[in-house]
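Participant: Sequence and predicted structure below; questions after.
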Amino acid sequence: MSLKGKVAVVTGGSRGIGRAVCLELARQGADIVLCYAGSEDAAQETAQACEALGVRAMARVCNVADSVQVKALMDEAMAAFGRIDILVNNAGITRDGLAMTMKDEAFDAVIDTNLRGTFLCMRAVSRIMMRQKYGRIINLSSVVGLHGNAGQVNYAASKAGVIGMTKSMAKELATRGVTVNAVAPGFIETDMTAAMADAAKAATLSAIPMGRLGAAEDVARAVAFLAGDEAAYITGQVLAVDGGMSM
Ligand code: NAI
């Protein structure tokens with residue numbers, strides 16, 4: 001229970017990696033505020049699963065790309081639990097396609113959620129964490145942000161941008177007891193990757209030295225490590241959780 005007494009905000013916590021992060025942080029004792037874009041039933045189910053682990057939890061709808069909704073989410077978390085110790089910027093989307101034919105909307109939607117959303121949430125908690133002189137921010141990047149991927153120019157730009165923002169925020173907050181790190185998952189089995197064609201999945205699998213896809217829990221444990229006291233002297237880093245894919 002190394003996170004007992006801590007309060008964590010997890011964006012996109014209703015399913016996939018975000019859900020696994022909520023459960024892992026709750027297992028370690030943190031109270032959970034999770035937000036979701038659409039699936040209320042799944043979000044409430046995640047909150048109940050956290051409560052079953054003995055912590056307080058609440059689920060709220062919030063579009064992370066909307067600064068008014070983000071501020072309202074953080075205000076509500078503060079009103080309910082009095083502090084925000086951990087922020088996990090997990091909400092993310094894909095709108096894949098070759099750059100040549102990619103619509104403006106597909107580019108903008110991915111940048112808005114993945115990049116702008118991460119910025120808005122970090123900005124909204126930075127004053128709170130500076131005042132507390134304590135905070136842990138963990139941003140979900142991707143191996144695609146490190147190496148690029150054909151058909152994902154929008155997603156790669158957003159995830160590379162997340163790394164640049166992570167390092168910049170880490171420098172801005174370093175003297176205030178706030179660490180900012182990124183996790184770069186490889187190929188993790190969730191709804192997001194379920195949409196991939198079988199041939200693309202097989203090609204990706206062959207590029208993973210450990211020979212298996214990742215589970216959401218693999219990523220959640222890395223996030224929980226960066227959220228804990230053991231990682232107090234680690235900031236501005238990108239931790240790949242990818243079975244060796246990005247070596
Ligand atoms: P997912 O599609 O299963 O879940 C995404 C979550 O984000 C959902 O809860 C959804 O409601 C929420 N969300 C989407 N747009 C939102 C918005 N505008 N505001 C608030 N919430 C929103 O995705 P998955 O696979 O669990 O991915 C989670 C994160 O990990 C994403 O940032 C993704 O880019 C990243 N990632 C995933 C990898 C994978 O292989 N699954 C690999 C590398 C990175």
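Facilitator: Looks like it came in fine.
Participant: Give the buried residues for the helix or strand that Val219 is a member of.
Facilitator: For Val219, the element it lies in under DSSP states H and E is helix 216-227. The neighbour-count check on helix 216-227 (16 or more other Cβ atoms under 10 Å) flags Ala216, Asp218, Val219, Ala220, Ala222, Val223, Ala224, Phe225, Leu226, Ala227 as buried. All C-beta atoms are positioned from the backbone trio N, CA, C, and that covers glycine.
Participant: Out of these, which comes closest to Met129?
Facilitator: Of all the buried residues of helix 216-227, Met129 sits closest to Ala227, with 12.6 Å by Cβ to Cβ.
Participant: Does that closest one touch Val88 like I think?
Facilitator: Yes. Taking contacts as Cβ atoms under 8 Å, Ala227 lies within contact range of Val88: 7.5 Å.
Participant: Identify the contacts common to the two.
Facilitator: Residues touching both Ala227 and Val88 by Cβ atoms under 8 Å, 6 or more residues apart in numbering: Ala8, Leu25, Ile138.
Participant: Relative to Val7, how far out is the most centrally placed residue in the chain?
Facilitator: Geometric centre of the chain, nearest residue: Asn90, 2.0 Å, by Cα atoms, centre = their mean. Using Cβ to Cβ, to the nearest Å, Asn90 is found at 16 Å from Val7.
Participant: go on, Leu53?
Facilitator: 15 Å.
Participant: who's more crowded, the two?
Facilitator: Taking other Cβ atoms under 10 Å, Leu53 and Val7 do not tie; Val7 has more neighbours (22 against 17).
Participant: that older thread, now do the same contact list for the residue nearest to the centre of the chain.
Facilitator: By Cβ under 8 Å, 6+ apart, Asn90 lies in contact with Val10, Thr11, Gly12, Gly13, Ile17, Gly18, Val21, Leu140.
Participant: at 10 Å what do you get?
Facilitator: Asn90 makes contacts with 10-13, 16-22, 34-35, 64, 117-118, 121, 138-140, 183, 219-220, 223, as judged by Cβ atoms under 10 Å, 6 or more residues apart in numbering.
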